[in-house]
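Undergrad: Here's a sequence, model it:
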Amino acid sequence: MDILCQIQLCGYINDTYNASYNVGHRTSMLDIKANQISFGQCGGYSAASIYKASTNLGNNENFYAFPTPGYFPIDDFEMTSDSGIDKLRDTKWSITIANTSYVIDRNELELKMIYNGKTYNITDFSYDAYTKTIYWNIPADLKSQLTEGTSKLVAGKKVDVELKGLQDASYNGITIKYWTEFFVANPKEVTGYRVYFDDIANENAKGEQSCTATEGDEKTVTVQVLPYDAQDKRYIIEIQNKDLASYNEQTKKIKFLKAGKTNLYVKRKSDGKLLTTVILNIQQGTNSIEYRTHVQKEGWQTWKTNGAMSGTQGKSYRLEAIQIKLNGAGSSGGIEYSTHVQKEGWQAWKKNGQTSGTEGKCYRLEAIKIRLTGNIAQKYDIYYRVHAQKFGWLDWAKNGEAAGTEGYGYRLEAIEIKLVAKGGKAPGSTTRTFRKSTPSLIYQTQVQREGWQSRVRDGEMSGTSGKSLRLEGIKISLDSQISGGIQYKTHIQKLGWETNWKSNGATSGTEGKSLRLEAIQIKLTGEMAKKYDIYYRVHAQKFGWLGWAKNGGTAGTSGYGYRLEGIEIKLVAKGGKAPGSTANSYKSK
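TA: Residues are numbered from 1 along each chain as shown. Down below sits the predicted model:
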């Protein structure tokens, strides 16, 4: 034992030393693995000292401190309350002046703590003149950093402490400086996990961890590491069958997509070892969709549910009206729908069982849009497909997209509608949902926090307004009988302009990188470019809607770091009038 340690052992740990009678219980520990001897206590003024062969802390014989100068083994101090909270986190820090010749004036003392380059001036410390001990609570902000928001101090955190204002016997100024770094002398390995869903953990009759949910539900996943004081708390969550459930690592939420049974696995990140399995029992949703159609010569048919066909096939009868409603108490919210009617065009949105279309006029339905509202829209997607004259069954549209035809004068003859858990697999192909006699634009955007929105067409807005959410990606395609195509590229935060043009539904921008789109260029190719101009305008942060750009021109901003929030795209016959002002389509500095 070196002389420094000997002085502190004899001067402080000795219970016969009168000046330390009220300091509290002492403990001593010998940790060969850590190559250090430590002496200390937990309680009262909490003074202690710990030494490591490689540690040189200067004149430590003049003071004692808690937590100790040098390396402090947080796992060697058992200070856990009945509720499982680590009391060491909330224990006062202290410095006891051991040099009896030092002159101490409480009003002259200056105390600082430094962590990660930031200095904390401690002004509300207390001073016990009898034991010559300064003690204080660490600032809340610093405590949060040392614990990383948990209930325990985190290993690897290093804090510098500085005390000024002391004087020696000759009244020369004395400054005490030291550092404390937390470490785990005997790291404990994770042995398992307790998994909570919306703060609830359950077990089945066999004692296995389990969770029962309804398709469409979304729950927050919280993982408790066992034992609580394990050193490496990192873990990985995986879902056995991703068709039934999905887990978002960023939001810590699990979505239950489809009825069935699967497992949630929690693995130790350090080596990938599976330690905990949670059985997921997903029940069929209590919500159902009901609909009926008014059919030529037949009138109102009976109600159909959950994907059954309403209308006729092989009779060439037109649909003239439709009513749609939701049944069940699984989720709050409603349903809205709009039909494209012969001679009238698109009608206003109807909802919750109201009639869309006509009765007694013999007008055909030509297309339809359906969307969910309220909470149920967060839990389900609504898919629908129509049987159109001459085209037959078109593909599945969803969440407000158009299904049917426009400009042909073709009737709808039948419809099928289904509810699918949010993000679940479509009932079939989603490629050709709507046919238009003239070329039609189809586009959709990836929006911050919302993901890919539903597809829109021909001048409709894609994105958001008033939410301050960035566009992160875009897909654009053409529905046309004319040869040629469409190409586009975007200016992306940190990346600049994309090198290559994207085309015909490919993604321009990024996914999963949280990078904003700042500008866009779009152009037509082939015969389409000879017969049409393409116009587009964007809603840019702080500027709002900019003017219309066309045929490869730039729409957006450069040099501002502003996000795009929305976009509208239109086809105009070659040389035709622009949809609006073409001034200020692009802002740069």
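Undergrad: name the element the residue of the chain most remote from its centre belongs to?
TA: Most distant residue from the mean C-alpha position of the chain: S170, 61.7 Å away (Cα atoms, centre = their mean). Assigned by DSSP states H and E, S170 belongs to neither a helix nor a strand.
Undergrad: Next, find the distance separating it from N107.
TA: 20 Å (Cβ to Cβ, to the nearest Å). C-beta coordinates here come from the backbone N, C-alpha and C atoms, glycine included.
Undergrad: Go ahead and name everything in contact with the host helix or strand of D160.
TA: For D160, the host element (DSSP H and E) is strand 158-167. For strand 158-167, the external contacting residues (Cβ atoms under 8 Å, 6 or more residues apart in numbering) are 65, 93, 95, 97, 102-105, 108-115, 134, 142, 146, 173-182.
Undergrad: List buried residues within those.
TA: 65, 93, 95, 97, 102, 109, 111, 113-115, 134, 142, 146, 174, 176, 178, 180-182 (16 or more other Cβ atoms under 10 Å).
Undergrad: ok, then the element right after the strand holding D160?
TA: Counting by DSSP H and E, what follows strand 158-167 is strand 173-183.
Undergrad: tilt between that following strand and strand 158-167?
TA: 160 degrees (axes from the mean of the first three to the mean of the last three Cα atoms, to 10 degrees).
Undergrad: Strand 173-183 pairs with which strands, parallel or anti?
TA: strand 70-73 (parallel), strand 158-167 (antiparallel) (DSSP bridges).
Undergrad: Need those in a markdown table (columns: mean pLDDT).
TA: Formatted as a markdown table, the strands paired with strand 173-183 follow (pLDDT from 0 to 100):
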| stretch | mean pLDDT |
| --- | --- |
| strand 70-73 | 77 |
| strand 158-167 | 93 |
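Undergrad: Tell me which of those sits most buried.
TA: strand 70-73 (a mean of 22; mean count of other Cβ atoms under 10 Å).
Undergrad: With just CA atoms, put it into PDB.
TA: Extracted in PDB, the C-alpha atoms of strand 70-73 (Å, rounded to 0.1, in the frame of the first residue of the first chain):
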ATOM      1  CA  GLY A  70     -10.400   8.600  -9.700                       C
ATOM      2  CA  TYR A  71     -12.300   5.500 -10.700                       C
ATOM      3  CA  PHE A  72     -15.500   4.900  -8.800                       C
ATOM      4  CA  PRO A  73     -17.100   1.400  -9.000                       C
END
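Undergrad: quick check, distance from it to the centre of its chain.
TA: 37 Å (Cα atoms, centre = their mean, to the nearest Å).
Undergrad: helix or strand right after it?
TA: strand 93-97.
Undergrad: mind listing what's buried in stretch 446-461?
TA: Neighbour-count burial for stretch 446-461 [16+ other Cβ under 10 Å]: 446-448, 453, 455-458, 461.
Undergrad: What is the neighbour count of A519?
TA: 25 (other Cβ atoms under 10 Å).
Undergrad: how about low-confidence regions in this protein?
TA: Across the chain, residues meeting the criterion (pLDDT under 70) sit at 1-61, 75-89, 185-186, 229, 285-286, 328-332.
Undergrad: can you list the domains in it?
TA: Domain assignment for the chain, taken from automatic domain parsing, gives 3-183, 192-283, 438-589.
Undergrad: Between those, which one is closest to A321.
TA: Nearest to A321, of all the domains of the chain, is domain 438-589, at 23.4 Å by Cβ to Cβ.
Undergrad: Could you work out the end-to-end span of the closest one for me?
TA: The first and final residues of domain 438-589 sit 40 Å from each other (Cα to Cα, to the nearest Å).
Undergrad: Make 21 the first number, not 1, from now on.
TA: Right, with 21 as the first residue, what we last looked at is domain 458-609.
Undergrad: quick check, distance from the strand holding D180 to the centre of its chain.
TA: With Cα atoms, centre = their mean as the basis, the mean position of strand 178-187 lies at 42 Å from the chain mean.
Undergrad: Can you tell me which of the domains of the chain is packed in deepest?
TA: Using mean count of other Cβ under 10 Å, domain 458-609 ranks as the most buried of the domains of the chain, with a mean of 18.
Undergrad: Residues in contact with the longest helix seen in the chain: which ones?
TA: As assigned by DSSP state H, the longest helix anywhere in the chain is helix 160-167. Here helix 160-167 makes contact (Cβ under 8 Å, 6+ apart) with 109, 133, 135-136, 140, 158, 173-174, 177, 179, 202.
Undergrad: same thing but at 6 Å, please
TA: 109, 135, 140, 173, 177 (Cβ atoms under 6 Å, 6 or more residues apart in numbering).
Undergrad: Cheers, nothing more for now.
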